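K.L.:
Pasting a predicted model and its sequence here:
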Amino acid sequence: MAAKKKQKSSAPVTSSVEKKTSKAEKKGSEAWKRMKTIVHNHVVPPLFLVFFTPIVQVLALKAIPGIPFEWDRILGNAYSWKVVTIFLSWALTFLLIPGRTFEGPATSFGYVPVYADNGLFYYATTFITYLGLHFVYPNLSLDIYHNMPYILGSLNIFALALCLILLIMGKWRPQTSEKMPSAPILLEFYRGMEIHPRLLGVDVKQWTNCRVGMMAWQILIVAFLIAGGRHGVNPGHLANVVIQTFYITKFYYWETGYFNTLDITLDRAGYYICWGCLVWVPGFYTYSSFYLVAHPSTLTEQAAFFVALLGLFIVAVNYRIDYEKQLFRATNGNCRLWGKPAKSMAAFNQISKRTSTLLLSGFWGVGRHLNYTFEIIAAFLWCFPGYGYGIWSFLYFFFLIGLLVHRCYRDEEKCSAKYGHFWNDYCKRVPYRMIPYVF
Ligand SMILES: NC(=O)C1=CN([C@@H]2O[C@H](COP(=O)(O)OP(=O)(O)OC[C@H]3O[C@@H](n4cnc5c(N)ncnc54)[C@H](OP(=O)(O)O)[C@@H]3O)[C@@H](O)[C@H]2O)C=CC1
Ligand SMILES: CC(C)CCC[C@@H](C)[C@H]1CC[C@H]2C3=CC=C4C[C@@H](O)CC[C@]4(C)[C@H]3CC[C@]12C
C-alpha cells in the first residue's frame, strides 16, 4: 500500500520534472534555432564574401612563385578582359542558337524552366576550337597560365557585377511570380533572389554553371597541361587532366540530369552559385592542375598510369550511381539493377501532393549518397599527382569533403520536408549516408 502510495505520489513529480525539462529543452532548441538563423542570415554571407572573393587570387600567388602583388590582379588587364569577354560571349552564343530544348522540373509556383539541349555539342566544339587555336597562337596556353591571376580578377569583377544585377532584378523586377520574403541585403546578395532568372534571353544558371564554369574548368586544365609540358608531357600531370576530362565529359553527357539537382531546383541565382561557378570553379577547382605547372609531379609513368586507370573507374562508378537513379525515375521503377528487378518504396510528396517512389536497389540500397563518396575518391585521385608538395594540390579534395558532407545534410533536409515520415522510413531501410556501417 505504502509502495503504491509512493508510486502514485511519485508519478506526478516525475511528469512535472519531465514537463520542466521539455519546456527547458524547447527553450534551448528555440534559442539554438534563433542562433542558427542569426549565423545563417548575418554571419555566413559577409564571411563568405570577405573570405572567398580574394582567396583564388591569393592562391594563384602561391602557385606561381615570385610574382609580386599588382592592382591588375584585382582589376584584370587588357589580355584577361579580352579572354573573358570572348569566352563569355562564346558560351552565350551556344545558348541562343535555335535547336532542341529541354524542360526542367516545374517550380512550386508553376514555372517551367526551358534550357538549350546542346551540351555535348558545345563541349566538343569548344574543346576542338581551343586546341585548333594553337595553330594560330602557339603560345596560347602559356599566356593563359601566366595571365591566370588577371583572368580571375576580370572574372571576379564580372561575377560580382552580375550578382548585383541579379539582386536588383530580383528585388525590383522579379521575372516569376514567386513570393520572396525580404531578408538582410547581404544574405539576399549571397544566396540570390530568384531560382530561374533569365538574362539576354538565356537561363542565367545554365550559362554560369553549365556553360562557363564547367567549360572553363576543362579548357584551363588542358591549358595548364600544355603550359607545363613545354619540355615533354609529365605523366602525373597527364593523369590529373585525363581523370578530370573524363569527369567533365560525363557532366556534359548528363547535363539535362543536372537540371534536377539542388543547384538548379532549390538554390537561387546569387553569389553562392553564380560567383561560385564563374570564379570559384575556374580558380579553385582547377587548382591542382595549375599548381602542377610550376611543381611537376614526381609520379613515375607506371604509377601515373595506375592512378589514371583507377580514377577513370571511380568516375565511372560515380556516374553509374547517378545513372541508376535516373533510369529508375525514367522507367517509373520498371527496370533491372544489378541483375534483379529494382525494389522501391512509395513516398508521398507533401508539396506536390503526388506519390513518388524511392529506389531501394543497386547503389541507392547500399547508401543514401554513395555518389558523393565516389566523387570524393575521384577528386583524391586527380589531386594525388601533386603528392610531395604539401597540402596545396589537395585543397580541392578537402574542400569537396566539406561541400559534400554539408550538401548531404542539406539534401536530406529537403527530402525530409518533401516526403515527411516516408523519408524517415527510407532512412531506416537504408541507414547509411556515405560510408556503409560508418556514416
Ligand atoms: N564536384 C562538385 O562540386 C559536386 C558534384 N556533385 C555531383 O553531382 C551529382 C548530382 O548530385 P546532387 O545534385 O547532389 O544530387 P543527387 O544525385 O545525390 O540527388 C539527390 C536527390 O535524389 C533524390 N533521391 C534521393 N534518394 C533517392 C532514392 N533512393 N531514390 C530516388 N531518388 C532519390 C532526391 O530528390 P527528389 O526530390 O527527386 O526525390 C534527392 O534530393 C553527383 O554525382 C555528385 O557527386 C554534387 C555536388 C557538388
Ligand atoms: C561560394 C563558394 C565558395 C561555393 C561555391 C559552390 C559552387 C561553385 C558549387 C556548389 C555545388 C557545385 C556543383 C554541383 C554539382 C555539380 C555536378 C557535377 O557533375 C559537376 C560539378 C557541379 C556542376 C558542381 C559545380 C560547382 C558547384 C555549383
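P.N.:
In hand now; what should we look at? Ligands and ions are numbered 1, 2, ... in the order given.
K.L.:
Next, the contact list for the residue nearest to the spatial centre of the chain, please.
P.N.:
For the chain, the residue whose C-alpha lies nearest the mean C-alpha position (Cα atoms, centre = their mean) is Asp263; its distance is 7.2 Å. By Cβ atoms under 8 Å, 6 or more residues apart in numbering, the residues touching Asp263 are 205, 209, 273. Placement of C-beta: from N, CA and C, glycine included.
K.L.:
Show me the residues you listed that map onto helices.
P.N.:
Per DSSP state H, helices hold the following members of the contacts of Asp263: Lys205.
K.L.:
who wins for neighbours among the contacts of Asp263?
P.N.:
With neighbours taken as other Cβ atoms under 10 Å, the top of the contacts of Asp263 is Lys205, carrying 28 neighbours.
K.L.:
pLDDT below threshold where in this structure?
P.N.:
1-28 (pLDDT under 70).
K.L.:
picking that back up, for the contacts of Asp263, which one is nearest Leu327?
P.N.:
Leu327 lies nearest to Asn209 out of the contacts of Asp263, by Cβ to Cβ, at 23.7 Å.
K.L.:
Out of the contacts of Asp263, which is nearest to Val58?
P.N.:
Ile273 (22.3 Å).
K.L.:
So which residues of the stretch 51-200 of the chain form strands?
P.N.:
In the stretch 51-200 of the chain, the strands defined using DSSP state E, counting those that start in this stretch lie at 101-103, 114-116, 198-199.
K.L.:
Show me which residues of the stretch 201-350 of the chain sit near ligand 1.
P.N.:
Within reach of ligand 1 by Cβ under 6 Å from any ligand atom, the stretch 201-350 of the chain has these residues: 261-262, 318, 322, 325.
K.L.:
hmm, back to that, export the strands of the stretch 51-200 of the chain to TSV and append columns for mean neighbour count and distance to Met169.
P.N.:
As requested, the strands of the stretch 51-200 of the chain are exported to TSV (neighbours: other Cβ atoms under 10 Å; distance: least, Cβ to Cβ, whole Å):
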stretch	mean neighbour count	distance to Met169
strand 101-103	12	23
strand 114-116	20	18
strand 198-199	17	8
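K.L.:
Export those as a markdown table, with columns for distance to Asn334.
P.N.:
Below are these laid out as a markdown table (distance: least, Cβ to Cβ, whole Å):
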| stretch | distance to Asn334 |
| --- | --- |
| strand 101-103 | 23 |
| strand 114-116 | 27 |
| strand 198-199 | 36 |
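K.L.:
Out of these, flag the one nearest Cys415.
P.N.:
Going by Cβ to Cβ, the one of the strands of the stretch 51-200 of the chain nearest Cys415 is strand 101-103, 22.9 Å.
K.L.:
State the paired neighbours of the closest one in the sheet, together with their directions.
P.N.:
For strand 101-103, the paired strands and their directions (DSSP bridges) are strand 114-116 (antiparallel).
K.L.:
Mind listing residues that contact the partner strand?
P.N.:
94-97, 99-104, 202-203, 206, 256, 259.
K.L.:
one more time with 10 Å
P.N.:
94-104, 122, 196, 198, 202-203, 205-207, 210-211, 255-256, 258-259, 264 (Cβ atoms under 10 Å, 6 or more residues apart in numbering).
K.L.:
and the stretch 51-200 of the chain, which of its residues are near ligand 2?
P.N.:
Residues of the stretch 51-200 of the chain lying near ligand 2 (Cβ under 6 Å from any ligand atom): Phe52.
K.L.:
how about the helices in the stretch 51-200 of the chain?
P.N.:
When assigned using DSSP state H, counting those that start in this stretch, the helices of the stretch 51-200 of the chain occupy the ranges 72-75, 78-96, 119-136, 140-146, 148-172, 185-191.
K.L.:
could you dump these to TSV with distance to Ser29?
P.N.:
Listed next are the helices of the stretch 51-200 of the chain as TSV, based on distance: least, Cβ to Cβ, whole Å:
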stretch	distance to Ser29
helix 72-75	44
helix 78-96	46
helix 119-136	45
helix 140-146	52
helix 148-172	32
helix 185-191	23
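K.L.:
So for Ser297, which of those helices sits nearest?
P.N.:
Ser297 lies closest to helix 140-146 among those, at 16.1 Å (Cβ to Cβ).
K.L.:
For that closest one, name the packing helices and strands.
P.N.:
helix 78-96, helix 119-136, helix 214-228, helix 287-294 (3 or more Cβ pairs under 10 Å, 6 or more residues apart in numbering; DSSP states H and E).
K.L.:
Count the residues that sit near Phe52.
P.N.:
Counted with other Cβ under 10 Å, Phe52 comes out at 17.
K.L.:
before we move on, the earlier item: so where does the residue nearest to the centre of the chain fall, helix or strand?
P.N.:
helix 262-265 (DSSP states H and E).
K.L.:
coming back round to it: same list, the helices and strands packed on helix 140-146, but as JSON lines with mean neighbour count please.
P.N.:
Formatted as JSON lines, the helices and strands packed on helix 140-146 follow (neighbours: other Cβ atoms under 10 Å):
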{"stretch": "helix 78-96", "mean neighbour count": "16"}
{"stretch": "helix 119-136", "mean neighbour count": "14"}
{"stretch": "helix 214-228", "mean neighbour count": "24"}
{"stretch": "helix 287-294", "mean neighbour count": "25"}
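K.L.:
got JSON lines for those helices, with distance to Gly153 too?
P.N.:
Rendered in JSON lines, the data for the helices and strands packed on helix 140-146 read as follows (distance: least, Cβ to Cβ, whole Å):
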{"stretch": "helix 78-96", "distance to Gly153": "6"}
{"stretch": "helix 119-136", "distance to Gly153": "21"}
{"stretch": "helix 214-228", "distance to Gly153": "14"}
{"stretch": "helix 287-294", "distance to Gly153": "15"}
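K.L.:
rewinding a little: and of the helices of the stretch 51-200 of the chain, who's closest to Leu370?
P.N.:
helix 119-136 (24.7 Å).
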